[in-house]
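Visitor: the following comprises the amino acid sequence and a computationally predicted model.
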There are 2 protein chains.
Amino acid sequence: MLEMASKRFGSVNNWLCLILLETENVDLDSLISVTSGWLDGSGPQSDVVISCRIRLARNLAQFPFLSRADDFERTEIENFIREAAFKNLEKTENKQSDAMLNYSDLLYINVDEISDIDRQFLMERQLISRELSESHGARGVVIADRQQTSLMINEEDHIRMQVLRNGFNLDECWAEINQVDDAIENEVSYAFHEQFGYLTACPTNVGTGIRVSVMLHLPALVQTREIKKVFQSMQKMNLAVRGLYGEGSQAMGDYYQISNQITLGKSETQIIDMIKGEVPHIIDYERRAREALLAENKQKLHDQVSRAYGILRSAQTISSEETLHLLSSLRMGVNLELINVPKIPLSNEILIYTQPAHLQKKYDKEMNSQERNSHRADYLRERLTDAEIG
Amino acid sequence: MLEMASKRFGSVNNWLCLILLETENVDLDSLISVTSGWLDGSGPQSDVVISCRIRLARNLAQFPFLSRADDFERTEIENFIREAAFKNLEKTENKQSDAMLNYSDLLYINVDEISDIDRQFLMERQLISRELSESHGARGVVIADRQQTSLMINEEDHIRMQVLRNGFNLDECWAEINQVDDAIENEVSYAFHEQFGYLTACPTNVGTGIRVSVMLHLPALVQTREIKKVFQSMQKMNLAVRGLYGEGSQAMGDYYQISNQITLGKSETQIIDMIKGEVPHIIDYERRAREALLAENKQKLHDQVSRAYGILRSAQTISSEETLHLLSSLRMGVNLELINVPKIPLSNEILIYTQPAHLQKKYDKEMNSQERNSHRADYLRERLTDAEIG
């Protein structure tokens, strides 16, 4: 059970909201049963692109950077931003022109007060970063729009806001995060320098404070060993290649995150346009590698995909790594029409729900690695048998 | 399509039989759809013992040994024994006291005239030996009693007769092969020496000419590496350990054949009794190894068995070796009640039907190794899906 402030706009007035903010306990466990909007697999180019994300780093002008803030100041920053977010995101929704935003499901989670498992759970859902999860003191996250928008408070910077979308859909990410950014700026003054742009804790974020990233599924490029060429070409373009969980994480199960490294000297749209220009080449490259694998030995590929499915729905114990690896085969198989089940939304969902904290939340107990492997297998058999019947 | 003489006793008289013997073409392909009686999995100790077999080597007194026989003599021997078999096995059935024999399904296959695939098919069914399959000139096999009895003509010796039974059932093998032996001896004189006993082409068979063998399934002893102790103890007892297809074959998929090496200086029943005394120790040893594996890590074993099932029913291409290996896990799993499907009879059946010649007969075409692997997977998916529904 977790302490969480919840506010539902539109249906209640401001006064009532304030009461709720102070007194209502909402169970974070309720999140476990709701799949994130960006996982529904319906986005553009979803055969290769899992999701895309834009995040902005911002700091408040009237407070010191976190590296120099004391506990009292951290708490002040947290309160100030949380209140600004709740007040102004509401306003944003009320504007006729901003109908796209649906922030009636706004939640606040006090990350300092929740358990390690809950922190990991939020991280596995891509709602908070490892940095926010592992740091100390007053900090939290505002979550909205079917878990597609989150605003972290007191991460490396005062504010890290992000918008996620399924598939290759950076325009929607950009339109929405701009609204969120504007809405917050209605209330606060950002640390901004006329020459450098937005000031941030780490120099690599100074300028636009933007990070644009795209999560790609590249099984055929891995299998044909052509992925190295992608790495080389990304390096030349000053783009970073990372694993499923961003900075510091290993690429597993053929999932790779491509993102910009430069935030200074270019505008936000120039950076977005560069990624929008580069990623289609990788998508095309991956698709051609899949066709080549099919042409070379369709049966071998079919066999690999079918066996992956056979193991996933029959194992009695299975590691997170093996699951990712087999799901990767399966996802490619569904996209190449070598196999019918599970569909992409389910395979995206399984990807998230078989992570350690998700399993512990779902089965409502702390588990060691061996117990998790066992429950992961239970979950997979259950989900994949349902998929077959359904 | 194969040339084959067929004779059905009881329903037709001798005269008609003779006509049939000369003119009827029976398709050997019909054998493919009939599972051998010894595969039905119902025998004693069938959790560990697949089958047992007794074979007798005999030579006719009035003909030279095969190493010294010319083509004309080989043909004479073949005709002589075939006719003796058909005439006398019929008589055997007609005796009231010998009601156990059911030789109404008596078949003769001229092994010299059939294709390589058909020869391999008979070998995979354990109806003929590699020696009979690969040698040249007039030779054949009489098949009876739901493929549990076969009598090879012009193998290494003039006659090699065998009786197979499912499970550990040597008494039945012995009772039946004695009747077959007596029936043949009604008509022919065996090469017999007062001091040495039955004379055979190879000195290792002189005396009783008996080989008693038991096919064991020892997955737990292999997994716990205790199988070496079994080998050592068998060696001390002068017992041979061989693979699935007898002499010269490797042990695969945890299937081991134990048989006597000595045929001289002991009576048939002494040899049978020795095997009957030794095998229960191995059975017991294997059962205790299974219990130990269960006690040590039941989940790991359950996982191994479930995955084997998952792969067998989902692979799109699979080798004979991998199939044997996975079926072995599955068979143990069924016996330990870790999994419900497939039942033992089906798992025995699959063991035989996934062999190369069986697949080619079933799908009615010659196949290279890659095609066989593909059709093997088709067959497994079909059989195991049926099993689940049924």
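Guide: Received it, and whenever you're ready, just let me know what you need.
Visitor: whatever residue of the stretch 51-200 of chain A ends up closest to chain B is in what secondary structure piece?
Guide: Of all residues in the stretch 51-200 of chain A, the one sitting closest to chain B is A:Ile117 (23.0 Å; C-beta to the nearest C-beta). Bear in mind the C-beta positions are built from the backbone N, C-alpha and C, glycine included. For A:Ile117, the element it lies in under DSSP states H and E is helix A:116-124.
Visitor: just the helices in the stretch 101-250 of chain A please.
Guide: For the stretch 101-250 of chain A, the helices defined by DSSP state H, counting those that start in this stretch occupy A:116-124, A:130-134, A:170-185, A:219-223, A:227-236.
Visitor: please identify the deepest-packed of the ones you listed.
Guide: helix A:219-223 (a mean of 23; mean count of other C-beta atoms under 10 Å in any protein chain shown).
Visitor: same question for it, mean pLDDT?
Guide: The average pLDDT within helix A:219-223 is 94.
Visitor: and that helix, what does it pack against?
Guide: helix A:268-312, helix A:320-335 (3 or more C-beta pairs under 8 Å, 6 or more residues apart in numbering or on different chains; DSSP states H and E).
Visitor: what does that helix rub up against?
Guide: Residues from elsewhere that reach helix A:219-223 (C-beta atoms under 8 Å, 6 or more residues apart in numbering or on different chains): A:227, A:230, A:254, A:285-286, A:289-290, A:292-293, A:328-329, A:331-332.
Visitor: list just the nearest of the residues you listed to chain B.
Guide: Among the contacts of helix A:219-223, and counting by C-beta to the nearest C-beta, the member closest to chain B is A:Ser329, at 11.7 Å.
Visitor: tally of neighbours for the closest one?
Guide: Neighbour count of A:Ser329, defined by other C-beta atoms under 10 Å in any protein chain shown: 24.
Visitor: can I get the helix holding A:Ile117 in PDB, CA atoms only?
Guide: Extracted C-alpha coordinates of helix A:116-124, given in PDB (Å, rounded to 0.1, in the frame of the first residue of the first chain):
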ATOM      1  CA  ASP A 116      12.100  -0.300  -3.400                       C
ATOM      2  CA  ILE A 117       9.900  -2.700  -5.300                       C
ATOM      3  CA  ASP A 118       7.500   0.100  -6.100                       C
ATOM      4  CA  ARG A 119      10.300   2.300  -7.300                       C
ATOM      5  CA  GLN A 120      11.600  -0.500  -9.500                       C
ATOM      6  CA  PHE A 121       8.000  -1.000 -10.800                       C
ATOM      7  CA  LEU A 122       7.800   2.600 -11.900                       C
ATOM      8  CA  MET A 123      11.200   2.300 -13.600                       C
ATOM      9  CA  GLU A 124      10.200  -0.900 -15.400                       C
END
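Visitor: can you list contacts of it?
Guide: With contact meaning C-beta under 8 Å, 6+ apart, helix A:116-124 is reached by A:2, A:28, A:31-32, A:109, A:111, A:128-130, A:133-134, A:141, A:245, A:352, A:355-358, A:360-361, A:366.
Visitor: kindly report the same for stretch A:349-363.
Guide: With C-beta under 8 Å, 6+ apart as the test, stretch A:349-363 has contacts from A:29, A:32, A:35-36, A:39, A:117-121, A:123-125, A:253, A:320, A:323-324, A:327, A:342, A:366-367, A:372, A:375-376, A:379-380, A:383.
Visitor: buried subset of the residues you listed, written for PyMOL?
Guide: Per 16 or more other C-beta atoms under 10 Å in any protein chain shown, the buried members of the contacts of stretch A:349-363 correspond to this PyMOL selection:
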select buried, chain A and resi 32+35+36+39+117+118+119+120+121+123+124+125+253+320+323+324+327+342+367+372+375+376+379+380+383
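Visitor: name the SS class of A:Pro64, please.
Guide: The three-state label for A:Pro64, taken from DSSP: H, G, I helix; E, B strand; the rest coil, comes out as coil.
Visitor: returning to that earlier point: and the residue of the stretch 51-200 of chain A closest to chain B, how far is that from A:Tyr363?
Guide: Distance check for A:Ile117 against A:Tyr363: by C-beta to C-beta, to the nearest Å, it reads 11 Å.
Visitor: likewise for A:Cys52?
Guide: 31 Å.
Visitor: more neighbours, these two?
Guide: Comparing A:Cys52 with A:Tyr363 by other C-beta under 10 Å, the one with more neighbours is A:Cys52, at 33 against 16.
Visitor: nearest residue to the more buried one other than its sequence neighbours?
Guide: Closest residue to A:Cys52 apart from its sequence neighbours, by C-beta to C-beta, 6 or more residues apart in numbering or on different chains: A:Val214 at 4.6 Å.
Visitor: look up which helix or strand A:Tyr256 falls in, please.
Guide: strand A:255-260.
Visitor: going by neighbour count, which residues in that strand are buried?
Guide: Within strand A:255-260, the residues that count as buried by 16+ other C-beta under 10 Å are A:255-260.
Visitor: now do stretch A:325-345
Guide: So, applying 16+ other C-beta under 10 Å, buried residues of stretch A:325-345: A:325-336, A:338-339, A:341-342, A:344.
Visitor: now that stretch: mean pLDDT?
Guide: For stretch A:325-345, mean pLDDT is 88.
Visitor: figure out the length between the terminal residues of that stretch.
Guide: Terminal residues of stretch A:325-345 lie 17 Å apart, using C-alpha to C-alpha, to the nearest Å.
Visitor: any part of it near chain B?
Guide: No: judged by C-beta under 8 Å from any C-beta of the partner chain, stretch A:325-345 makes no contact with chain B; its nearest approach is 8.8 Å.
Visitor: having no further points to raise, I will conclude here.
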